[in-house]
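**Q** Sharing a sequence plus its predicted fold:
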Amino acid sequence: MATEDRKHSLSDTAKQIDDDDINWVDEEDSELVNSPITSSKRTPKKDTKVPTDTVVMVETAFLASAASLVWLINYYFPFGPVLKIFFPIPIALIYLRRGNRASWMAAIVSGLLLLVLMGPTRSIIFLMPYGLMGVLLGACWQRKVSWSISILLGSAIGSLGIFFRFWLTSILVGENLWVYVITQITEVTDWLFFKLGILAQPNFFLIQLLAFGLIIINNLVYLFAVHLVALILLDRLNNPISRPPEWVRVLLDY
């Protein structure tokens, strides 16, 4: 009898162990089945938003390199005044998109790129006036300043840039290039006086005034062309500038 009771107790413990094993496996399977549901509920959503500082840095670097590239192409493969119109536009665009600090950074980075590629002289000539002009135009366009004011301010910077170029080039060459300009304008004025039948000799003050007037008129025409190109281009890029005068809208049917 003792052996039979021992057999029954051993069989009962074996069944209990099997039931425990089966329950452990079933519980593990149920956890595996339910785990994707719970894990999917607890998994946080990934934030794919790019940091704003990174976007500003990338856009600033891209537009600074674009401004430098336009200057570089125009220097080695000049297409007349076509590419010159685009010199200040990339820097003005970064001002419209990212503000004052980004535009100054773009102007400085453009100067540094040209310093490496073309030397310090070309780099300084780009920064003065076109780097400063881009920052100024961006500030005017962002504040919706009228075209007359922005064109006058841009023409003032452009005129100062021309005089700065004459001064810097004269130092590097060792000759006063302004005297050469005055000589050329004097010859043109003598020719005009002769054609008009004026026997008087143009004085030095008139020659200087005519030289300043030609420089200012040249910059006014240039800034007006820059505004026209920026009006068409930046509107396509969803960064509109200040609206043109009514007569410009009528001429362009804009």
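**A** Perfect, thanks for sending it. Numbering: from 1, shown residues only.

**Q** neighbouring contacts of the helix or strand where residue 74 lies?
**A** Of the helices and strands defined by DSSP states H and E, residue 74 is found in helix 52-76. When contacts are taken as C-beta atoms under 8 Å, 6 or more residues apart in numbering, the neighbours of helix 52-76 outside the stretch itself are 83-84, 86-88, 90-91, 93-94, 97-98, 102, 105-107, 109-110, 113-114, 117-118, 122, 126, 130, 134. C-beta coordinates here come from the backbone N, C-alpha and C atoms, glycine included.

**Q** Filter the residues you listed down to the buried ones.
**A** With neighbours counted using 16 or more other C-beta atoms under 10 Å, the contacts of helix 52-76 contain these buried positions: 84, 86-88, 90-91, 93-94, 97-98, 102, 105-107, 109-110, 113-114, 118, 122, 126, 130, 134.

**Q** so where do the helices sit in the chain?
**A** All helices of the chain, identified by DSSP state H, fall at 2-42, 52-76, 89-98, 100-118, 120-125, 132-142, 147-173, 177-196, 204-236, 246-252.

**Q** Please state the offset of the third one from the chain centre?
**A** Here the centre of helix 89-98 is set off from its chain's centre by 5 Å, with C-alpha atoms, centre = their mean, to the nearest Å.

**Q** and what of the fifth one?
**A** Here helix 120-125 shows a centroid-to-chain-centroid distance of 19 Å under the convention C-alpha atoms, centre = their mean.

**Q** Tell me which other helices or strands it touches.
**A** With contacts taken as 3 or more C-beta pairs under 8 Å, 6 or more residues apart in numbering; DSSP states H and E, helix 120-125 sits against helix 100-118, helix 147-173.

**Q** now do 10 Å
**A** Using 3 or more C-beta pairs under 10 Å, 6 or more residues apart in numbering; DSSP states H and E, the elements in contact with helix 120-125 are helix 52-76, helix 100-118, helix 147-173.

**Q** try the last one
**A** Taking 3+ C-beta pairs under 10 Å, 6+ apart as the contact definition, the neighbouring helices and strands of helix 246-252 are helix 204-236.

**Q** What residues sit buried inside the helix it packs on?
**A** With burial defined by 16+ other C-beta under 10 Å, the residues of helix 204-236 counted as buried are 207, 210-211, 215-216, 219-220, 222-224, 226-228, 230-231, 234.

**Q** Which two among those residues are spaced furthest apart?
**A** In the buried residues of helix 204-236, two members sit farther apart than any others by C-beta to C-beta. They are 207 and 234, at 40.0 Å.
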